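In: Pasted the sequence and its predicted model underneath.
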Amino acid sequence: MTRRRTASILAALTLLATAGCGSEASEGTGGPAGDMILATTTSTQDSGLLDAILPEFEDASGCVPKTVAVGSGQAMTMGEKGDADALLVHSPDAEKAFMAAGNGASREPVMHNDFVLVGPPKDPAGIGEASDAAAAMRLVSQQQAPFASRADDSGTNAKELSLWEEADIEPSGSWYVETGKGMGETLTIANQKQAYTLADRGTFLATSNLESEIAFEGSPDLRNPYHVIVVASDNTAGATNEPCAKEFSEWIRSEPVQRSIADVGVEEHGQQLFFPDVHD
């Protein structure tokens, strides 16, 4: 690992929420080993997914996952710089651009959930009666109902902006609050401000002490797919642990792990938070 890459990762791990195990790689696996930097979205952390599945990866592979939870855009920037080995992200257009630039060795589907528009109880802007998600956003704008945007270059933020564009609206004004925060924190801010926001269903269900309720859901354009990307070690600015990243990509798409993904949240929330896209 280069000195520059090490410094960059240490800074990211200091400033951002982290997860994963810190022990040395297990012996006798016969496969790849060493630290593997996984840059992923805040939704996979805030929903409890990472805590549920990652410990199994170290035991199975001998690779030690070190997780940096950021927006999908920031995760891909880390990949471009060689500051991440694998990405678990949910911003399809940006992912395709990342691959087209030669920054990824592979991109594979893992799972999906959906986005929901949440807001104050009783839905004062009446978005629950909208015909689709863009129409719901149009009602928020027309009513100038408070709306909390992540504004953090995340996959959720990209989806929100695409919905505003589809609604032919450029949101601005005191009603439009840009938090610059992850999903869990943005949900908390929206709750405090009695504001609407766009969230992935998993993080919304996993965030406690909210009065906010789901106001609009079920529109086909709210589907939220996640992919795993192995960062290409020969086309990034820094050295990457591509063997462990490949191992992770195969592992998270294996049948046992896909079953574990399907189980996340069922006991706590009475419903699935994520739906496998490889084995169901």
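Out: Received it, and whenever you're ready, just let me know what you need.
In: For residue 155, which residues are in contact?
Out: Neighbour list for residue 155: 41, 43, 71-73, 89-91, 94, 224 [criterion: C-beta atoms under 8 Å, 6 or more residues apart in numbering]. Bear in mind the C-beta positions are built from the backbone N, C-alpha and C, glycine included.
In: ranking those residues by neighbours, who comes first?
Out: When neighbours are counted by other C-beta atoms under 10 Å, residue 43 leads the contacts of residue 155 with 33 neighbours.
In: all strands of the chain, in order?
Out: 18-20, 34-41, 63-70, 86-89, 104-119, 147-149, 176-178, 196-200, 213-216, 223-231, 275-276 (DSSP state E).
In: Direction included, what does the fourth one pair up with?
Out: Strands adjacent to strand 86-89 in the sheet, as given by DSSP bridges, are strand 34-41 (parallel), strand 223-231 (antiparallel).
In: next one: the last one
Out: Looking at strand 275-276 with DSSP bridges, its partner strands are strand 104-119 (antiparallel).
In: Kindly report the same for the third one.
Out: When sheet partners are counted by DSSP bridges, strand 63-70 sits next to strand 18-20 (antiparallel), strand 34-41 (parallel).
In: Confidence-wise, which of those is weakest overall?
Out: Ranked by mean pLDDT, the strands paired with strand 63-70 bottom out at strand 18-20, with a mean of 37.
In: which residues of the chain fall in helices?
Out: Per DSSP state H, the chain carries helices over the ranges 3-15, 42-46, 49-61, 72-80, 92-100, 133-143, 155-166, 183-192, 201-206, 242-252, 255-263, 266-269.
In: ranking those by burial, who's on top?
Out: Mean neighbour count (mean count of other C-beta atoms under 10 Å) peaks for helix 42-46 among these, with a mean of 28.
In: what helices or strands is that helix leaning on?
Out: Contacts defined by 3 or more C-beta pairs under 8 Å, 6 or more residues apart in numbering; DSSP states H and E place helix 42-46 against strand 63-70, helix 183-192, helix 201-206.
In: Of the ones you listed, which is nearest residue 32?
Out: strand 63-70 (5.8 Å; C-beta to C-beta).
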